[in-house]
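Student: show me the folded form of this:
(3 chains)
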Amino acid sequence: MLKLITRYIQRDTGGNTLLGVLALITVLVPVLNLVVPEGSALHLSTYTVTLLGKYLTYALLAVALDLIWGYCGILSLGHGAFFALGGYAMGMYLMRQIGGRGVYGNADLPDFMVFLNWTELPWYWHGFNHFGIAMLMVVLVPAALAYVFGWLAFRSRVTGVYLSIITQALTFALMLAFFRNEMGFGGNNGLTDFKEILGYNLHSDATRAALFVASALALAVAYITCRAIVNSKLGRVVVAVRDAESRARFIGYRVEQYKLWLFVFSAMLAGIAGALYVPQVGIINPGEFSPLNSIEMVIWVAVGGRGTLYGAVAGALLVNYAKSYFTAELPEVWLFMLGSLFVLVTILLPRGVIGLLRRSSAEAAP
Amino acid sequence: MLRIDKLNQFYGASHILWDIDLEVPEGSCTCLMGRNGVGKTTLLKCMMGLLPARDGRLTFNGRDITRDNPEQRARIGIGYVPQGREIFAQLTVEENLRIGLGARNDKLREIPARIYELFPVLKDMRQRRGGDLSGGQQQQLAIGRALAIQPRLLILDEPTEGIQPNIVHEIGDILLRLNRDEGLTVLLVEQKLAFARRVAQHFSLLEKGRVVAAGAMPDLNEQLIHRHLAV
Amino acid sequence: MNVRAITRNLVKPASWKKLLNRRAVFDPHLNATHGTILYMEDVTVSFDGFKALNKLSLYIDDGELRCIIGANGAGKTTLMDVITGKTRPDEGSVFFGQTIDLLQLSETEIAQGGIGRKFQKPTVFEHHSVFENLELAMHADKRVWPTLFARLSGEQRERIDEVLEIIGLSVERVRRAGLLSHGQKQWLEIGMLLMQNPRVLLVDEPVAGMTGQETERTAELLTSLAGRHSVVVVEHDMEFVRSIARKVTVLHEGSVLAEGSMNDVQNNPRVKEVYLGE
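Tutor: Modelled structure (predicted):
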């Protein structure tokens, strides 16, 4: 057992750094927010805690994307769809939790349904008042969509650019669908005005800190799981599929099956990320399905360095930090920055920031 | 006229041409020979600049053309007739010939009458689409197109492949005329031994990407043929 | 592949049987009692009127090392395509052993049932090590779930080491395949084929672009494989063919022009004619 752990640790400096940092902030951040008094210089505002929590859910999303892109060569430009679906599932649970405290005071129906003159809850909303069922939906709905979509796409041997285009189409279609009021998901306003989660006030500092910790834990567990997958024989097969698909098929691997299951697993991770995201930002709307969002996630992974898992985390954190900074200080500049970042990374840093660090450390070594 | 020094060529990591030394004297007709897969076409493509040489040097009339791209090589007078003719199927015979005119130094914009003189069948088929010609006619068109650029060196890759015997003979006549009468330097790749012996004065024998023998055509004896050309 | 061939295949009862029985129908006790492992009889393949193979008949003996030579366009690649199931002939029959009709099987089934093909351009998995390449090629349950939990058994490890020994890459086992020389990549690819325990190895132009030393080593490798495996080599390099050939088949315009020992073929006037373009 000990040998297994040491072997695991020895191989992965980047990952270990990540896990170490996560462990540290899981303890440190809540302490700095809840324990350290407000006046002190070390105090972390609740706003910051929530922001960091949001970044962590983005990091989880990036890991999900890197798993299929960096390791299997599937460039999904529609992963935002799975993220949003997980978010909506959580959102539906949170909406049900509002109960009679909404604007219209209807214990059974969310405000937007009352506004639409609906008299009863649609069938697909039933069960979402139970946390367990909602959480099940958080993983099952993205998984089901990924399975159907993947089955059709991979069986038809759609790859490369064409696959990326149809994933864009997928998320765009969902966006249009969720914008419609008749769908019963809140239309263009989405689901918001949440009050409670599992009985705890969503706006209290303690809950926010707890959500932060949950996000960090989810990221850590996801990282460890993905790492295990990638180091297994399945991981090696999947990389082989990325490098020489027909050769892999020729050897006897059902390439479509491998891609499908990896895609489904990735969608589930994205769904979980979405579910953690929504209570922290307090809203989920169809804008999350926007094709542009899905492209932005790919930029995170590209900037960080794909094919390393921890690179995706780094990329997600870096780019989103930059975004927060620039949209506050120099809002007009942000889109240009994003675009040029994408171009620069593609041309100069194909292995992302992590690749740059590796190169310089390789050169520094004797 | 054309000199190749220590040319090496790779396809990825696969070493195809090894230290090739070749000299094509001015006014001569040299035949590059060897079995399938020895690298003859690869060598010609390197000469034409269609494939980059990994290392080595190509000199044309004293000028180092190793780094020149194909358009530049055409302009300085290297005409190329590729294997399989590769004429433009959608263009007419006349248009095919006109394409070559752009590379001329004298800015002539008319198809030289000489080409129609050499290939009377092309004159008859002027308005015919290239794709509608027979194999033999296409070969003549390809040669005519190369001649349109006013080349000083004409390179032909297996010009008799898949052509009926009487046209083969005609092409032989034309090459003899161009080379012996008009002094055009010719380099050709040819598998048909009889044709090569008739038309060329020098030979260069390739095997496994190396030059294994070279010299005057009479020196191509039975032993060399048996070892490097036959089975 | 023309409409006639397609409809003929649809109507054949054997193809219905195959549809109903999805598993590969390879007989582990392959019947090669007559000493012949591969029969091709009167095989014809046309592409748009052009006959790539023209009533070709070819027989490969169990354990032999056969060289197939011929000019470009003689049909060598199409021949291999027919055996591996990539191309279906319009006419003729192809049998593996006495009883296995290759025309009824899919490409994957043929590959997994004991006929391995090595293409001219080496395609190994560049980012994986030599060892991992062989591990991936290994005969094993290749479905998703078992692969996730697959652990190399001692026996499997030994088998990989054995193959590394045969192909001469034991020293390079942890080296990334992308960093191997051209010749080494070719040997690795042969190794990957060997991991599937093939009865027949079809090798397409193995020594193109190799150094002299690599060519020699490849000759040794292929010769050592004959006996336990049947090896069919397509090559242009006459020196190489001379060094390994026991029996040579010359293809011309889609059918067999001559067959016999190297000597026989060299002195065959018709072969000379074709090669010298008379």
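Student: what's the closest non-adjacent residue to whatever residue of chain C ends up closest to chain B?
Tutor: For chain C, the residue closest to chain B is C:Gly209, as judged by Cβ to the nearest Cβ, at 2.8 Å. Where you see a C-beta, it was placed from the backbone N, CA and C, and this is true even at glycine. With sequence-adjacent residues excluded and distances taken as Cβ to Cβ, 6 or more residues apart in numbering or on different chains, C:Gly209 is closest to B:Ser14, at 2.8 Å.
Student: also B:Ala142?
Tutor: Once its chain neighbours are removed from consideration, B:Ala142 has its nearest residue in B:Arg85; the separation is 4.4 Å (Cβ to Cβ, 6+ apart).
Student: what does the stretch 1-150 of chain C have sitting close to chain B?
Tutor: Where the stretch 1-150 of chain C comes near chain B, counting by Cβ under 8 Å from any Cβ of the partner chain, the residues are C:69, C:71-72, C:121.
Student: quick check: phi and psi at the residue of chain C closest to chain B.
Tutor: When quoted as degrees, to the nearest 10, the phi and psi of C:Gly209 stand at phi 80, psi 10.
Student: run through the residues that contact it.
Tutor: Contact criterion Cβ atoms under 8 Å, 6 or more residues apart in numbering or on different chains gives B:10-11, B:13-16, B:209, C:182 as the residues in contact with C:Gly209.
Student: CSV for these, including secondary structure, pLDDT and neighbour count?
Tutor: Below are these laid out as CSV (DSSP: H, G, I helix; E, B strand; the rest coil; pLDDT from 0 to 100; neighbours: other Cβ atoms under 10 Å in any protein chain shown):
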residue, secondary structure, pLDDT, neighbour count
B:Phe10, strand, 88, 17
B:Tyr11, strand, 84, 14
B:Ala13, coil, 78, 14
B:Ser14, strand, 84, 19
B:His15, strand, 86, 22
B:Ile16, strand, 88, 21
B:Gly209, coil, 89, 26
C:His182, helix, 89, 19
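Student: let's see if you can find the most crowded of the residues of the stretch 1-150 of chain C next to chain B.
Tutor: Ranked by neighbour count under the definition other Cβ atoms under 10 Å in any protein chain shown, the residues of the stretch 1-150 of chain C next to chain B are headed by C:Ile69 with 27 neighbours.
Student: for A:Phe131, state which of the residues of the stretch 1-150 of chain C next to chain B is nearest.
Tutor: Each of the residues of the stretch 1-150 of chain C next to chain B was checked against A:Phe131 using Cβ to Cβ; the closest is C:Lys121, at 56.3 Å.
Student: need the three-state assignment for that closest one.
Tutor: Here C:Lys121 takes the coil state, with states given by DSSP: H, G, I helix; E, B strand; the rest coil.
Student: gap between it and C:Lys185?
Tutor: Shown here: C:Lys121 relative to C:Lys185, a distance of 9 Å by Cβ to Cβ, to the nearest Å.
Student: check C:Leu202 too.
Tutor: Look at C:Leu202 and C:Lys185: by Cβ to Cβ, they are 18 Å apart.
Student: which parts of the stretch 201-350 of chain A are helices?
Tutor: Read by DSSP state H, counting those that start in this stretch, the stretch 201-350 of chain A holds these helices, from start to end of the chain: A:205-231, A:233-243, A:245-251, A:255-281, A:291-304, A:310-329, A:334-348.
Student: now name the helix or strand holding B:Asp73.
Tutor: Actually, residue B:73 is Arg. It isn't Asp. Assigned by DSSP states H and E, B:Arg73 belongs to helix B:70-75.
Student: next secondary structure after that helix?
Tutor: Beyond helix B:70-75 on the C-terminal side, the first helix or strand identified by DSSP H and E is strand B:78-81.
Student: who's in contact with residue 208?
Tutor: Just going to use chain A. With Cβ under 8 Å, 6+ apart as the criterion, the residues that contact A:Arg208 are A:33, A:46, A:49-50, A:53, A:280.
Student: oops, chain C please
Tutor: B:14, B:16, B:37, C:120, C:236-237.
Student: one more: B:Thr42?
Tutor: With Cβ under 8 Å, 6+ apart as the criterion, the residues that contact B:Thr42 are B:9, B:11, B:16-17, B:51.
Student: coming back round to it: so which of the contacts of A:Arg208 belong to helices?
Tutor: Helix and strand membership here follows DSSP state H; of the contacts of A:Arg208, those in helices are A:46, A:49-50, A:53, A:280.
Student: would you list those residues in JSON lines and tack on pLDDT, distance to chain B and neighbour count?
Tutor: Putting these into JSON lines (pLDDT from 0 to 100; distance: Cβ to the nearest Cβ, whole Å; neighbours: other Cβ atoms under 10 Å in any protein chain shown) gives the following:
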{"residue": "A:Thr46", "pLDDT": "87", "distance to chain B": "58", "neighbour count": "17"}
{"residue": "A:Val49", "pLDDT": "92", "distance to chain B": "54", "neighbour count": "22"}
{"residue": "A:Thr50", "pLDDT": "93", "distance to chain B": "53", "neighbour count": "20"}
{"residue": "A:Gly53", "pLDDT": "95", "distance to chain B": "49", "neighbour count": "25"}
{"residue": "A:Gln280", "pLDDT": "95", "distance to chain B": "51", "neighbour count": "22"}
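Student: mind listing the strands in chain B by residue range?
Tutor: If you assign secondary structure with DSSP state E, the strands in chain B sit at B:2-11, B:14-24, B:29-33, B:55-60, B:63-64, B:78-81, B:153-157, B:185-189, B:202-207, B:210-216.
Student: contacting residues for whichever residue of the stretch 51-200 of chain A sits closest to chain B?
Tutor: For the stretch 51-200 of chain A and chain B, the shortest gap (Cβ to the nearest Cβ) falls at A:Gly73, measuring 20.6 Å. Contact criterion Cβ under 8 Å, 6+ apart gives A:241-243, A:245 as the residues in contact with A:Gly73.
Student: that's a strand at it, yeah?
Tutor: No. With three-state DSSP as the criterion, A:Gly73 is assigned coil and is not in a strand.
Student: ok so, going back, please list which of the contacts of B:Thr42 are also close to chain C.
Tutor: Restricting the contacts of B:Thr42 to those near chain C by Cβ under 8 Å from any Cβ leaves B:11, B:16.
Student: between the contacts of B:Thr42, which sits nearest A:Val21?
Tutor: When those are compared for distance to A:Val21 (Cβ to Cβ), B:Tyr11 comes out closest, at 46.9 Å.
Student: picking up where we left off before, and which of the contacts of C:Ala208 is nearest to chain A?
Tutor: Taking Cβ to the nearest Cβ as the measure, C:Gln120 is the one of the contacts of C:Ala208 closest to chain A, at 13.7 Å.
Student: what's the burial count for that closest one?
Tutor: Taking other Cβ under 10 Å as the criterion, the count of residues near C:Gln120 is 16.
Student: that one reaches C:Asp204, doesn't it?
Tutor: Yes. With the criterion set as Cβ atoms under 8 Å, C:Gln120 and C:Asp204 qualify as a contacting pair; they are 4.7 Å apart.
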